[in-house]
Structure formats: structure tokens, C-alpha cells
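Colleague: Any chance you could fold what I've pasted below:
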Amino acid sequence: MKRGVGEQVGHTTIVVVLFFASILTIYPFWHVLMYSLSDSAKAMEGGIFLWPKGFGLGQYKILLGARNAFVSLRNSLLRVCIGVPFNLIMTSSLAYALSRRDLVGRNAMNTMIFLTMLFSGGLIPSFLLMRTLGLYDNPLIYILPGAISAYNMFVMKTYFLSLPEELEESALIEGAGPLRILLHIVLPVSIPVIAAIGMFSGVSHWNSWFDGMIYVNNQEYMLFQVFLRSMMLDSSYQALAGSGGLLDVGALTEESVKMAAITLSLVPVVIAYPFVHKYYIKGLMIGSIKG
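Modeller: Numbers count the residues shown, from 1 in each chain. The predicted model follows:
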């Protein structure tokens, strides 16, 4: 069926608007990348960066050649690789128990968890609590406090409530227990929402620097975001480089180092997104379309 003139004009208008909106969204990230790859002196000239002005990797040499660069990178990657699966396991188990099981005090527990989302914790009480629990200057501080996310739990709980009861009833008739039902029936049909929550949790774990700044003093446990922040705030790149003057930092600027730091912080997220993109979109669409 041929489209009418008005429909074609409307379709073209939408495409054009979305195209320019995409450009406005993507360009800031492209600008940061091109700036970080440019020669520092030429980058200071400013303007629009469609491609690198000159080419220089001195800022990356400074960042990756500094003390604790790869140690902090390892710590952040371990935090994501361990923290996200642990968070998904704990969150999905709690969400299933509070949504599909008839437990004593279930409503009271739901209310208490919901209240934790309304009030932010104080810094001093949190610090004292972590120290009392032995988590101060302990790498477990990166895993245990974030084991359960109230927001993630409520999102998953809402999805579990939308599943038909017939799924569990048929499994119960065949003699399956709660754990088997969760592992073999509920979770397999919940992959889209799990992927969406996992993506958000992964980005949160990777970008978080607060725990590393407040609760950790040992540089062996430093996070990559804390390391990048210290490099961006400290103009003494030579002192931080730890290379005995082997790196030529004279021509580098504070802006070029900051752009390189921002680029490095985005790399893992950009690499991971294509692998979960399909499930991530499905997870976002859950609940918006019926049937």
C-alpha cells in the first residue's frame, strides 16, 4: 500500500529529527575521544573535533604508566565480574521469595525494603557501621554492601508478579521444589529483565568511586575510577607517573589528560553493551507492551 503525501512527510520529518538528535547525543562522546587522541598543543586551539588534530598518545602513556594504574583497573574489573553476578543472584532470590512465596511477614519486609529507597544513609553512620563490621580497608566493601539493590529487587519482583501462576503449578505437580522452579522456570523466562538490571548494575559498579574514596585507604585496593579521579585532580603528572622522567609530560595539558581519563572510563561499558544490547532493549520494553 502506497503512503499518502502527508504520511511520507511525517515519516521523513521523524527520521530527520531522530538523525539530528542522534548526532547531538553521540558527538560529545566523539569529541572527547578525538580530543584525547589529538596532539595536546593542537587540541588547545579548540573548535569542532571530527577527527584528531595531529596525533598524540602522551596522555594515555601518563595514565597507564602511573603507579597503580593496572592494579586499580584489575580491582574494578574484579568488582564488576564478582559484584554483578552476586547482586543478580541475591536480588533475584529475594524478589522471587517476596513475590511468589507465601512467607510470614512478607508485607512488612516489602515495606522495610521500600523505605530504604526513601531515605539516604548518612556518611558518618555508614562509615562507623562498615568499620564495626570489619569492612573498612577490606576489598569485600566493594561486594557485600551492594549485594542487594532495593531498586533492582522491586523491578524484578514486579516482573515476577506478572508471570502466570500456571508456570509454577505445572512444575509443582511434577514434584519440583521452589529452588528448582526458580532456576529452571522463572529465571529462564526472565532473561531480558535480568540483562537490563545486570547492565545497570554493571555500569553502577564500574563507575562507582565513593566506596573507594571513603572506606579504602590501601592503594592495593584502589578502584580505577578513584585512580582516574586522582590523576585528573592532580596536575603533577610527573610525580604520579612513576617512570623516573621517562615520559615527556612537558607538552601535555590538564585537559588532554582529563579527556583521556574519561575515554578510558567509558571503554568497558562500550565494549560490553553490544553483547547485551538485544536483551537490554527487551528488558526496557517489558511492561510497555501487553500480549
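Colleague: CA only for contacts and neighbour counts going forward, please
Modeller: Fine.
Colleague: quick one: low-confidence parts of the stretch 51-200 of the chain?
Modeller: In the prediction, the stretch 51-200 of the chain carries no residues with pLDDT under 70.
Colleague: Next, the contact list for V203, please.
Modeller: Residues in contact with V203 (C-alpha atoms under 8 Å, 6 or more residues apart in numbering) are V269.
Colleague: Sticking with it, tell me its helix or strand.
Modeller: Assigned by DSSP states H and E, V203 belongs to helix 191-207.
Colleague: CA atoms of the following helix or strand past that helix as CSV?
Modeller: Downstream of helix 191-207, the first helix or strand assigned by DSSP H and E is helix 210-214. Output of helix 210-214 as CSV, limited to C-alpha atoms (Å, rounded to 0.1, in the frame of the first residue of the first chain):
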residue,chain,number,x,y,z
PHE,A,210,32.5,6.7,46.6
ASP,A,211,33.3,3.4,48.4
GLY,A,212,36.9,3.5,47.2
MET,A,213,37.3,7.1,48.4
ILE,A,214,35.7,6.8,51.8
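Colleague: average model confidence for helix 210-214?
Modeller: Helix 210-214 carries an average pLDDT of 86.
Colleague: from the chain's centre, how far out does that helix sit?
Modeller: Between the mean C-alpha location of helix 210-214 and the chain-wide mean there is a distance of 16 Å, by C-alpha atoms, centre = their mean, to the nearest Å.
Colleague: How about residues contacting that helix?
Modeller: F127, I141, Y142, Y221, M222, L223, V226.
Colleague: Stretch 93-112 too?
Modeller: Everything outside stretch 93-112 that qualifies as a contact, by C-alpha under 8 Å, 6+ apart, is M153, F154, M156, K157, T158, F160, L161, L182.
Colleague: Could you rerun that using 6 Å?
Modeller: Stretch 93-112 has contacts (C-alpha atoms under 6 Å, 6 or more residues apart in numbering) with M153, K157, L161.
Colleague: Using neighbour counts, trim those residues to the buried set.
Modeller: When burial is judged by neighbour count using 16 or more other C-alpha atoms under 10 Å, the buried members of the contacts of stretch 93-112 are M153, K157.
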